[in-house]
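J.: pasted the sequence and its predicted model underneath.
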Amino acid sequence: MTNLKRIYTCFPEGKYKVLTMSYDDGKLEDRRLAKIFNQYHIKGTFHINSGLLNDSSRLGMEEWSEVYKGHEISCHTALHPTISRCPIDQVALQVLEDRKNLEAIAGYPVRGMSYPNGSYTQEIVNLLPMLGIEYCRIVGDSHDFAMPENYLIWKPTCHHNRSLLENGRRFLEISKIQRLHMMYVWGHSFEFTRDDNWELIEEFCRMMSGRDDIWYATNIEIVDYMKAAKNLKFTVDGNLVYNPSCMTVWISVDGNIFSISGGSSVRIGG
């Protein structure tokens, strides 16, 4: 009889939870929000409209490198149009122009995005990979912690004004390791000033910080890691695994955690 194994994908260091934050528009309040994230060692993704820099409510590009250091700079289209109403060639230009401008400062390929005004069509979803976009966040709240089936229509757990602390407490209480769990928070940093509730995000970050079972990641780090994990190559008997990527991937084999370095083959049984 075949000696089958239970082989599970894990997050880095064998963790089974991930927290990621997603904030739009590149407003001045991103300065304060990024400082809060830094204080509590939480990572954020910031989706920026690079064609609206004459707006005094937005950060100038000369600040991006410093404010977003350690976080992810991501697309939000150059001019923030409602793209479901736009000609498809103009959608492509909005995304590519934004990528080009952001990459000049970021110093790396910008491969993520959030839909401006939450607007998209299936045609746009199909277009994005051809524009170098590997994930795109929609608006709305799932209030659950499942991993996305399609990263190009990535639905977050909740906006920070909708049951943030309650969802955070539920996330911390999860102890079932049979699944991977993700808490994804989204919003706009200016809303904290508008609603006078900066203490909300500070309390949340303080509550979520420093947990041994949580991986703190940007949006693109999650996408890259899950692609690398999916690309692991196993022998039929499950005794050997080869990692063709350059990224270390962690797996659980019958409850034992293995680290599979990029380019290596690791014996995991037999």
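T.: Structure received.
J.: quick one: the strands in the stretch 151-270 of the chain, in order.
T.: Taking DSSP state E, counting those that start in this stretch as the criterion, the stretch 151-270 of the chain contains strands spanning 158-159, 181-187, 214-216, 233-234, 240-242, 249-253, 256-260, 265-267.
J.: which other residues reach the second one?
T.: Contacting residues not belonging to strand 181-187 are listed as 16-24, 114, 137, 139, 145-147, 154, 156-161, 164, 167-168, 171, 174, 204, 208, 222 [CB atoms under 8 Å, 6 or more residues apart in numbering]. (Each C-beta comes from the backbone N, C-alpha and C, glycine too.)
J.: how does it look with 7 Å?
T.: Strand 181-187 is contacted from outside by 16-23, 137, 145, 147, 156-161, 164, 167, 171, 174, using CB atoms under 7 Å, 6 or more residues apart in numbering.
J.: then the last one?
T.: For strand 265-267, contacts defined as CB under 7 Å, 6+ apart pick out 239, 240, 241, 242, 258, 260.
J.: farthest pair in those residues?
T.: 239 and 260 (13.5 Å; CB to CB).
J.: and those two? which has more neighbours close in?
T.: For residue 239 versus residue 260, neighbours defined as other CB atoms under 10 Å are more numerous around residue 260 (21 against 14).
J.: who's in contact with the closest residue to residue 187 other than its chain neighbours?
T.: Leaving aside its sequence neighbours, residue 187 sits nearest to residue 160 (CB to CB, 6 or more residues apart in numbering; 4.4 Å). Contacts for residue 160 were tallied using CB under 7 Å, 6+ apart; they are 185, 187, 200, 201.
J.: and which of these is nearest to residue 268?
T.: The closest of the contacts of residue 160, once distances to residue 268 are taken by CB to CB, is residue 185, at 34.8 Å.
J.: surely residue 79 touches residue 52?
T.: Yes. Assessed by CB atoms under 7 Å, residue 79 is found in contact with residue 52 at 6.4 Å.
J.: could you list the low-confidence segments of this structure?
T.: Within the chain, the stretches with pLDDT under 70 are 1-2.
J.: just want the most central residue of it.
T.: Geometric centre of the chain, nearest residue: residue 219, 1.4 Å, by CA atoms, centre = their mean.
J.: any idea how far residue 206 is from it?
T.: Distance, residue 219 to residue 206, using CB to CB, to the nearest Å: 22 Å.
J.: repeat that for residue 180.
T.: Using CB to CB, residue 180 is found at 24 Å from residue 206.
J.: the more surrounded of these two?
T.: Taking other CB under 10 Å, residue 180 and residue 206 do not tie; residue 180 has more neighbours (19 against 13).
J.: and the more buried one, what does it touch?
T.: Contact analysis of residue 180 by CB under 7 Å, 6+ apart lists 9, 11, 16, 147.
J.: which among those residues count as buried?
T.: By neighbour count, with 16 or more other CB atoms under 10 Å, the contacts of residue 180 hold 9, 11, 16 as buried.
J.: buried sites along stretch 171-179?
T.: Of the residues in stretch 171-179, 171, 177 count as buried by neighbour count, 16+ other CB under 10 Å.
J.: quick one, which of the contacts of strand 181-187 are buried?
T.: Listed as buried from the contacts of strand 181-187 are 16-23, 137, 145, 156-160, 164, 167, 171; burial here means 16+ other CB under 10 Å.
J.: ranges for the helices of the chain?
T.: Listed in chain order, the helices of the chain (DSSP state H) span 30-39, 61-67, 88-106, 122-127, 164-173, 190-195, 198-208, 219-230.
J.: among the strands of the stretch 151-270 of the chain, which is nearest residue 70?
T.: Of all the strands of the stretch 151-270 of the chain, it is strand 214-216 that lies closest to residue 70, at 10.6 Å by CB to CB.
J.: returning to what we had before: which residue sits closest to the residue nearest to the centre of the chain, ignoring its sequence neighbours?
T.: Closest to residue 219 by CB to CB, 6+ apart is residue 45, at 4.2 Å.
J.: hang on, the one you found packs against residue 217?
T.: No. The criterion here is CB under 7 Å, and residue 45 misses it with residue 217 at 9.2 Å.
J.: list residues touching both of these two?
T.: Residues within reach of residue 45 and of residue 217 at once, by CB under 7 Å, 6+ apart, are residue 20.
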